[in-house]
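Q: What would the 3D arrangement of this be:
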Amino acid sequence: MGYNFRADYKLVPYLVTYTIKHGLDKGLPLTKRLGSQSLNQVIFNSFFLLNASGVLADDDQAILESVVRYMRKKYLYITPVAGEILLSSFDGTSLASSIRNLVDRKTKYSDESNAWYTYSSATCSPIEAYETRLKLIERETNPKSRGIIRKLILVYCSMNNQPTNGPNQLVCQRVNQLLDNLNDKNISPAMASTLMAFFAINDDLEKALFYKNLIPDGFTTDLSKILHLAIKMVSSGLLNDSVDMILLEIYKSTNKPTRPDFASYTTNSLVRDYLELIGEETKDIKLVKDLCNSFLSNQKIKPNNKSLRPRVTIHLTCNDVQGALDEFYHCLHTFRLTPGQNILLDYLIDKKMFNQLESLLDSVCKYFDKTDIVFNCVHRLVVKGYPESGQNLITKMKLYEDKQSIRTLIVHNIAKQNIQESLSLVQFYGSKFDLEEKAHFYNRIYSLSSESKDLNSVDKIINLMKREKIEPFMNDNISTKEKENN
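A: Got it, this is the predicted structure:
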């Protein structure tokens, strides 16, 4: 197996240090065992990697001189690439002429481009590393360049693989330049599916469809990549073709084993994202519901929270909150499912529709454990800045035993430095916590009161802690210096 720079990166400084300490005759054979590289490659890879990372000290030039002398004695030569790299660091020094004399002019750049790639991958981005390596290979005609081009294309595609990134004209231009050097036979099915999604995201439907046609029927395509093409087809007025393609991919994916590299993105996820993106594109409630019914009637998609969620979210997209609630209740009563529950909770909280929020919780709690749904809602209320509503919800739902919800409220108020509110919550719900956790809350509030010079609160907390027999700073994370100041 060849020398793997990434795997042995941390070993290089130690091996070079060992070589320096114990002598070249002992150290270099040990270093060579890292892989199948020639001895001179190992030496210079080690030294210019150390130099790039700033490890070489001022007196290391003398050490490098001894390495050069050793190589000349053993009739070892360095490659042109290694010579260029070393000269960039030592040009103008007494070493420069010795380095030039060591360069083997017969070595082909393409055979030794790995040395430069190893160096550049340590100091540059992957794109810069591959571009540099490709530039060296292109100095002569070499079939190896096709492999580098393919890798480089995939790296560029990974830079722009989400619709939210928007089209990137410079990246598209470079990818097209690189593709000009490949023919269709050089493009694998996996690469074709990546290019299909890339061009769909970058608004080039013609090329996206071209690479879609390069994918053989027997190849299972990543469904998330199919989604990019389907949405681009919808925005281009090809809705029916888009639906047919999605149905075909669903059929293929449910009749063949799912590839493990994208097993988490299921057909239900595809239907959910596809219909929701259509809803955002068209704002057509009837269209989304009809399509949803069409998918469900195909019996390849089962009703669940993912596949039914678009029926709820399309109403919110069109600012029809009552329609969303009606659809949610329909799914709840018919299927015992809660599609889009968290989206609905966030929407109602943002719009301060607390009465509808409580009605929704009441309905859900008839079918599911109320502790989980109420805690989820309390957490969202607190995060969005409505801790009082969260506290009222705990009281109304009679969930005084729900430590999770109460803890969320206390921690939020402490973080917001609401001293009186935090203290009231700890007093009111204190019996639900053990002594250690209660001590932590009291000590954090005590620390806040001391920092804000709220002496009344300080006295109150001290008296409460004495009554509860809680030692100051018991099991707390406040630093010793903070304790002394307080």
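Q: contacting residues around the closest residue to residue 272 other than its chain neighbours?
A: Computed as C-beta to C-beta, 6 or more residues apart in numbering, the closest residue to residue 272 that is not its neighbour in sequence is residue 306, at 4.5 Å. For glycine as for every other residue, the C-beta is placed from the backbone atoms N, C-alpha and C. Contact partners of residue 306, counting by C-beta atoms under 8 Å, 6 or more residues apart in numbering, are 266, 268, 269, 271, 272, 339.
Q: quick one: which of those is nearest residue 178?
A: Closest approach to residue 178 among the contacts of residue 306 (C-beta to C-beta): residue 269, at 31.5 Å.
Q: buried stuff in the strand or helix carrying the closest one?
A: In the assignment (DSSP states H and E), residue 269 maps to helix 267-282. Under the neighbour-count criterion of 16 or more other C-beta atoms under 10 Å, helix 267-282 has 267-268, 270-279, 282 buried.
Q: before we move on, the earlier item: from the contacts of residue 306, which is closest to residue 176?
A: Comparing those against residue 176 with C-beta to C-beta picks out residue 269 as the nearest, at 31.0 Å.
Q: So the closest one sits against residue 226, correct?
A: No - using C-beta atoms under 8 Å, residue 269 is not in contact with residue 226, being 11.4 Å away.
Q: Show me where this protein dips below the pLDDT cut-off.
A: Along the chain, segments meeting pLDDT under 70 span 1-93, 102-145, 160-167, 254-265, 299, 371, 398-402, 405, 472-486.
Q: how does it divide into domains?
A: When the chain is parsed with automatic domain parsing, its domains come out as 5-133, 143-219, 235-352, 369-486.
Q: separation between residue 209 and residue 154?
A: 20 Å (C-beta to C-beta, to the nearest Å).
Q: and what of residue 187?
A: According to C-beta to C-beta, residue 187 and residue 154 sit 11 Å apart.
Q: same check, this time on residue 174
A: For residue 174, the distance to residue 154 equals 13 Å [C-beta to C-beta].
Q: ditto for residue 269
A: 23 Å.
Q: How about residue 214?
A: According to C-beta to C-beta, residue 214 stands 15 Å off from residue 154.
Q: Next: residue 215.
A: Remark: distance between residue 215 and residue 154 (C-beta to C-beta) = 16 Å.
Q: ok, residue 391 - how many residues close by?
A: Applying other C-beta atoms under 10 Å, we find 22 other residues in the vicinity of residue 391.
Q: Contacts only, for residue 435.
A: 468, 470.
Q: Sorry, slip of the keys, the one I care about is residue 249.
A: So residue 249 contacts 221, 223, 226, 270 (C-beta under 8 Å, 6+ apart).
Q: Let me have the residues you listed in JSON lines, extended by distance to residue 460 and secondary structure.
A: JSON lines is the format used below for these (distance: C-beta to C-beta, whole Å; DSSP: H, G, I helix; E, B strand; the rest coil):
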{"residue": "221", "distance to residue 460": "65", "secondary structure": "coil"}
{"residue": "223", "distance to residue 460": "59", "secondary structure": "helix"}
{"residue": "226", "distance to residue 460": "63", "secondary structure": "helix"}
{"residue": "270", "distance to residue 460": "58", "secondary structure": "helix"}
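Q: Can you lay out the residues you listed as TSV showing distance to residue 411?
A: Formatted as TSV, the contacts of residue 249 follow (distance: C-beta to C-beta, whole Å):
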residue	distance to residue 411
221	45
223	39
226	43
270	38
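Q: Neighbour-wise, which one of these leads?
A: With neighbours defined as other C-beta under 10 Å, the most crowded of the contacts of residue 249 is residue 226; it has 27 neighbours.
Q: measure the nearest residue to it once chain neighbours are set aside to residue 300 for me?
A: Nearest residue to residue 226 in three dimensions, chain neighbours excluded: residue 249, at 5.0 Å (C-beta to C-beta, 6+ apart). In this view, residue 249 and residue 300 are 10 Å apart by C-beta to C-beta.
Q: before we move on, what about residue 153?
A: According to C-beta to C-beta, residue 153 and residue 300 sit 33 Å apart.
Q: more crowded one of these two?
A: Each of residue 153 and residue 300 has its neighbours counted (other C-beta under 10 Å); residue 153 has more, 24 against 16.
Q: dump the residue contacts of that one.
A: Here residue 153 is in contact with 175, 178, 179, 191, 195 (C-beta under 8 Å, 6+ apart).
Q: Swap in 6 Å and give it another go.
A: By C-beta atoms under 6 Å, 6 or more residues apart in numbering, the contact set of residue 153 is 175, 178.
Q: just to confirm, which helix or strand has the residue nearest to residue 272 in it?
A: In the assignment (DSSP H and E), residue 306 maps to helix 305-317.
Q: after that helix, next one along is what?
A: Counting by DSSP H and E, the element after helix 305-317 in chain order, helix or strand, is helix 321-335.
Q: So which bits of that following helix are buried?
A: The neighbour-count check on helix 321-335 (16+ other C-beta under 10 Å) flags 321, 323, 324, 325, 327, 328, 331, 332 as buried.
Q: What lies in contact with that helix?
A: Outside helix 321-335, the residues touching it (C-beta under 6 Å, 6+ apart) are 303, 308, 311, 312, 315, 316, 337, 339.
Q: would JSON lines of those with distance to residue 436 and neighbour count be doable?
A: Putting the contacts of helix 321-335 into JSON lines (distance: C-beta to C-beta, whole Å; neighbours: other C-beta atoms under 10 Å) gives the following:
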{"residue": "303", "distance to residue 436": "46", "neighbour count": "15"}
{"residue": "308", "distance to residue 436": "44", "neighbour count": "27"}
{"residue": "311", "distance to residue 436": "47", "neighbour count": "23"}
{"residue": "312", "distance to residue 436": "43", "neighbour count": "26"}
{"residue": "315", "distance to residue 436": "47", "neighbour count": "25"}
{"residue": "316", "distance to residue 436": "43", "neighbour count": "19"}
{"residue": "337", "distance to residue 436": "40", "neighbour count": "19"}
{"residue": "339", "distance to residue 436": "41", "neighbour count": "23"}
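Q: Columns distance to residue 382 on top of those residues, output as a markdown table?
A: Shown next, in a markdown table, are these (distance: C-beta to C-beta, whole Å):
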| residue | distance to residue 382 |
| --- | --- |
| 303 | 33 |
| 308 | 28 |
| 311 | 29 |
| 312 | 24 |
| 315 | 27 |
| 316 | 22 |
| 337 | 26 |
| 339 | 24 |
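Q: what ranges do the strands span in the stretch 301-450 of the chain?
A: Using DSSP state E, counting those that start in this stretch, the strands of the stretch 301-450 of the chain do not appear at all; there are none.
Q: where exactly do the helices run in it?
A: Along the stretch 301-450 of the chain, counting by DSSP state H, counting those that start in this stretch, helices occupy 305-317, 321-335, 341-350, 354-365, 370-383, 387-396, 403-415, 419-429, 435-451.
Q: any idea which of those is most buried?
A: For those, the largest average neighbour count (mean count of other C-beta atoms under 10 Å) is found in helix 305-317, namely a mean of 23.
Q: any chance you could map the strands in the stretch 151-300 of the chain?
A: Using DSSP E, counting those that start in this stretch, strands in the stretch 151-300 of the chain do not occur.
Q: Skipping adjacent residues, who's closest to residue 430 in space?
A: For residue 430, ignoring the flanking residues on the chain, the nearest one in space by C-beta to C-beta, 6+ apart is residue 438 at 5.6 Å.
Q: Please tell me how far the one you found sits from residue 462.
A: Counting by C-beta to C-beta, the gap from residue 438 to residue 462 is 15 Å.
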